[in-house]
Structure formats: C-alpha cells, structure tokens
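J.: what's the 3D shape of this:
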Amino acid sequence: MSKVTPKFVPPVINDNETGWGPTGIPEQFKDMPYQPYAKSDRLGKIADWTGSTYQDRRFQNKYNSTFGVGAGNQFAYFHDEDESSFHLVDTTKIQRPMYQRARFRPNQRHLRTQRGQQRQGPGGNQQLKSSKSNRKIQRGGGRGRYDQRGQMKNREASVVVKADWRSIEEMDFPRLSKLSLPNIKEAEDVLKCGSLEWYDKSYDRVNVRNERPLVPVDRIIHTVTTTDDPIIRKISKTTGNVFATDTILATLMCATRSNNSWDIVVHKIGDKLFFDKRDNTFDLLTVNETSNEPQVDDPEMLNTLSLEATFVCNNFSQQVLKTGEDRHQFQEQNPFISEGEEQKMASVGYRYRKWNLDGGVTLVSRCQHDAIMLGPNGEIQFINVKALNEWDPRYSGGVDWRQRLDTQRGAVLANELRNNACKLAKWTVQALLAGSDQLKFGYVSRVNLRDDSNHVILGTQQFKPTEFATQINLNMDNAWGILRCVIDLCMKQPDGKYLILRDPNKPLIHLFDIPDNTFESDEEDSSEGEDDDN
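T.: Numbers count the residues shown, from 1 in each chain. Now for the predicted structure:
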C-alpha cells in the first residue's frame, strides 16, 4: 500500500500594517446588527415591553448599557408608518384626593360678606384700588425685562455696532469666571496729586431718628479719561506699557457681574495700550442693575434714576467732610484745576500707581481717595466715601430703610448686594486699587417717594476693603486674571483702535477692530459748536 501524504492548507492571514486586530468584517457577519456590551451588563430586560417594570429610582438604570445612552438601540423596535398617526385617548376622569375635593364650609359666605364690608368701609375704595395696582405691578411691571406676554425684552447696547467694525474675539463669562492670576505684588506709588479734607465723624451717629438732610454741594468733580490725563502722558514716556483709570479697571475686573451694556476704547500704539472711556459712559451710576426682577424698562426713567444716584453719591461724599479745616496736601497739585476753580474744587486725592503683572506687562493707573481720617492709633487713614440711595422700597425687594436700617442693617445691605452687586463690587475694587484703608457707605433716601430732588441721610457704615471683598465674594485673583486676559488679547493685535463691548443680552464681551476716526466726529462737532458760540 502506498502512503498517503496529508495535505496542509495554510490559512489566510490578514496582515494589519497600521496596528493590531482584524482588518475587515468576515462574510458571515456582514450586514448583521451589532450592539456593544460589557461583561458587567445585566440581562433581564428581554420581556419588559413597557419599560416601567422598575419604577423605583434606584433601579431605573439597572439595565442600562455601560457604553452610555443610545448604545442599546440596535435591536429596538420601531413602529411602521401606518401606526405613526395612531393616538390613544384616555377619557377616564382623574380621581382627586380627599384634600383637594371641594367641601361645604358653612361660614364661607359669612367670611366673604365680612371681606366685602371691609373693602367698602372708610377708605375701602382706596385700598381696593391700591391692591389692584399692586397686582398689576406684579403681573406686568414686576417682570422687568419681560412684557405682559412673557417675552424677553432685549436691552440696547451702549453703542451701535457699525457695519465696518470687524469682530475679533468673543469672551464669554463662564470662561472668564474661571481665570486666575494670583500673587500680584503690592503696587508702587509713582506720583500723588491733589488735596483731601478730613471726614466729619459726627455723621457716624446719624440714624433714622436723627436723620440729616442731604445738602447740594457746589463743587467741581473731574472725570478725565486716560489719554486726556497730562500726568499719564508724562509717565507713559518712561514707565509702564498699559495705562487706564481705576474706573475702567474696575469695570473690566467686575465684568462678569454686570448686566448692562458698556464699552471701552483701546488704543494700541507700539507696545503700549491705553484704555479709554467715551464721553459720559462711566460717569453715571447704575440702579438695580443686578436685581432678579428689575422693575424699570423705560430708558428715560432709568437715566433719571442714574442721574439721581450720581447726584446723591457726589453730594454725600463732599457733605460729610470738614470744609473749614486745612486740607491734607499731596506732593503735587491737582492736575485738572483751571483758573478760578481752586475754591470750588472737591476733596480728591489722585494716586498714580503701577503693578508688575509679569510677562513684560507693567500696569499704570490713576486711583482716587475721597477723604482722610484719624485711625484708632492716631494714624492717618485714606478712605473712599460712597452713597447708596433708596428711591422706592416697592421696587427694591420691599425692604423699607426707615423701618429696618437701625435694627436690621445687615438685611438692608444684603438687599443692596442683591440689587446692585456690580456697583458695590466696582467700588470695592477701586478702594483696593487705591490702597484705601476704609470704605464708607452712606444710606440716603428720598423725603417723598415722588420727589427725586430732596433726600435725607439715614445712616452710615464702614468696612475695610479687604474684609468687604471677602463678604461679597469678590475674588481679586479672578479679577486680575480677567484683566490680564484682555490685555494679552489686545497686545496680540496690530497697532490701531479697538472697542471692548459688553453684549447687552448675552453674558459675553466682544472685541472689535474699529476705524481710527470712530467716535471723533462727535467730539469735533461739539468743539465746533463751542467755537461758533464764542
């Protein structure tokens, strides 16, 4: 017998040159649905047609796949087109529980009669009218940015965006709120200018029972922007490469707390940045900007309230000073005094300071003090004086200052922190940048709710800026991080003119590249008008 040699058939080997594993799908497995699974997945939901077997929340995800939502739809059943228009209507009445069913109340008619008699009694018509007006305010006016139909009203931007402006970057608030620049060294003083008056401590004893009228003070308060400051122009030749005022810096640092629209002009000249404000953009204070339900939608009324708040703050900061005593003089005179303004000049001290932000960035800013006072150990303390004003308790959380300020001052301040969080944060940042030792707040209210020209001082309160920043949850590391982010973004741009705009309806900041002659036509027109008058 002849030997039969066994035959060996070599298998087909698929060589994967890019990695390991199969290079294709075998023929017997083509067009077959595949669902990923893990060994830890539980099997037991095969006959659960309704999906409501396990109604307990603890077992809702018992049979979910490890690979996430949507991974287990390979073998799902989908209805055909003929069943897509089929709807099941349940006509059975819903049984209400016993506590929701209407029950007969024998005294209900008697109670209604009493309520009607109370409304029709002496002054009853006025009470009914006022209650109707309150309900109207709650339905319509109490929604702030929402109209009676519930639609959101869009705020107006602080400046109209032109067609030739090029958008460069958008910085949203969630990202900005996560930035941080810690370990900023203490600022160095470059120059001090101006003169300060002493604070009158008798105003610390003012309360609701011993209120004082707010007296208009005829004094001049300058609000000069960065590029119009002769001291900054002189300093920029030798020191620093980023220049701004404390108001502009505070606006940028507290950008994530703002709701209203604002804008800042940026000039990039070589390796230097100048942050400017347009005319009257930062001069007026905001009112109820961060309130949960802002009550005022009329732009004219908002402008009137802003004018009132600015008037109250400026007059209060000058009224609480000792005008007859000698002033504390800095090494230089006020750089903005003109001839004949020495007697009417407000108490203000300018401190030009610089910060080293690392990375070749040196910031120079003009900061401001409002007054001085003696500390507990006889040392001189620099203070910033600001005023909070009450114009109508019904539109500010229902907190009446005359009833709660002496007994519940913390509740009044908490209500102001809720309604004016951005304004208070900017005041705190300005005090920290200036190196002020104390921050004083005055509580000023209207004599009559309908009269916006007569006010009274109801009390004062004093804080250290660092402690107050902690109390209002103001993180200076995050504030410096936001400022450094804006500086780095502007430094990357070529020389030119730019605009930082806070979006009026979205929580983000725009950076626009604008022509060099933007905003200059208005200034030229105003100057030509003055020349014609002369």
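
J.: can you count the residues close to the residue lying closest to Ser347 once chain neighbours are set aside?
T.: With Cβ to Cβ, 6 or more residues apart in numbering as the criterion, Ser347 has its nearest non-adjacent residue at 4.0 Å, and that residue is Glu197. Where you see a C-beta, it was placed from the backbone N, CA and C, and this is true even at glycine. Applying other Cβ atoms under 10 Å, we find 22 residues neighbouring Glu197.

J.: So Glu197 is in contact with Lys322, correct?
T.: Yes - between Glu197 and Lys322 there is a contact under Cβ atoms under 8 Å: 6.1 Å.

J.: could you pull out the helices for the stretch 101-250 of the chain?
T.: Here the stretch 101-250 of the chain has its helices, by DSSP state H, counting those that start in this stretch, at 108-119, 124-139, 173-176, 230-235, 246-253.

J.: do the same with the chain
T.: When assigned using DSSP state H, the helices of the chain occupy the ranges 108-119, 124-139, 173-176, 230-235, 246-253, 299-319, 401-404, 409-419, 421-434, 465-471, 476-491, 520-533.

J.: hey, least reliable of those helices by pLDDT?
T.: When mean pLDDT is averaged over each of the helices of the chain, helix 124-139 scores lowest at a mean of 40.

J.: list the buried ones in stretch 238-255?
T.: Buried positions in stretch 238-255, judged by neighbour count with 16 or more other Cβ atoms under 10 Å: 240-255.

J.: Which two of those residues have the greatest separation?
T.: Asn241 and Cys254 (23.4 Å; Cβ to Cβ).

J.: In contact with Glu156, which residues?
T.: Residues in contact with Glu156 (Cβ atoms under 8 Å, 6 or more residues apart in numbering) are Ser261, Pro299, Pro504.

J.: Quickly name whichever of these is closest to Asp218.
T.: Minimum distance to Asp218 across the contacts of Glu156 is 29.3 Å, recorded for Pro299 (Cβ to Cβ).

J.: and the gap between the residue lying closest to that closest one once chain neighbours are set aside and Asn260?
T.: In space, and not counting its chain neighbours, Pro299 is closest to Glu156: 7.2 Å by Cβ to Cβ, 6+ apart. According to Cβ to Cβ, to the nearest Å, Glu156 and Asn260 sit 10 Å apart.

J.: Name the residues contacting each of the two.
T.: Counting by Cβ under 8 Å, 6+ apart, the contacts common to Glu156 and Asn260 are Pro504.

J.: Strands along the stretch 101-250 of the chain, start to end?
T.: 166-172, 188-196, 198-199, 212-213, 242-245 (DSSP state E, counting those that start in this stretch).

J.: Contacts for the third one, please.
T.: The list of residues contacting strand 198-199 from outside it, by Cβ under 8 Å, 6+ apart, reads Val320, Leu321, Lys322, Glu325, His328, Ala371, Ile372, Met373, Ile383, Val385, Lys440.

J.: Report the buried members of those.
T.: Val320, Leu321, Lys322, His328, Ala371, Ile372, Met373, Ile383, Val385, Lys440.

J.: what two of those residues have the greatest distance between them?
T.: Of all pairs in those, the most separated under Cβ to Cβ is His328 and Lys440 at 16.6 Å.

J.: Counting neighbours, what do you get for Arg205?
T.: Other residues close to Arg205 by other Cβ under 10 Å number 9.

J.: shaky segments in the protein?
T.: The chain contains residues with pLDDT under 70 at 1-3, 34-153, 293-296, 521-534.

J.: Check this protein for its longest strand and report it.
T.: strand 380-390 (DSSP state E).

J.: could the contacts of Glu156 go into a markdown table alongside distance to Ser306 and neighbour count?
T.: Shown next, in a markdown table, are the contacts of Glu156 (distance: Cβ to Cβ, whole Å; neighbours: other Cβ atoms under 10 Å):
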| residue | distance to Ser306 | neighbour count |
| --- | --- | --- |
| Ser261 | 14 | 15 |
| Pro299 | 10 | 10 |
| Pro504 | 16 | 14 |
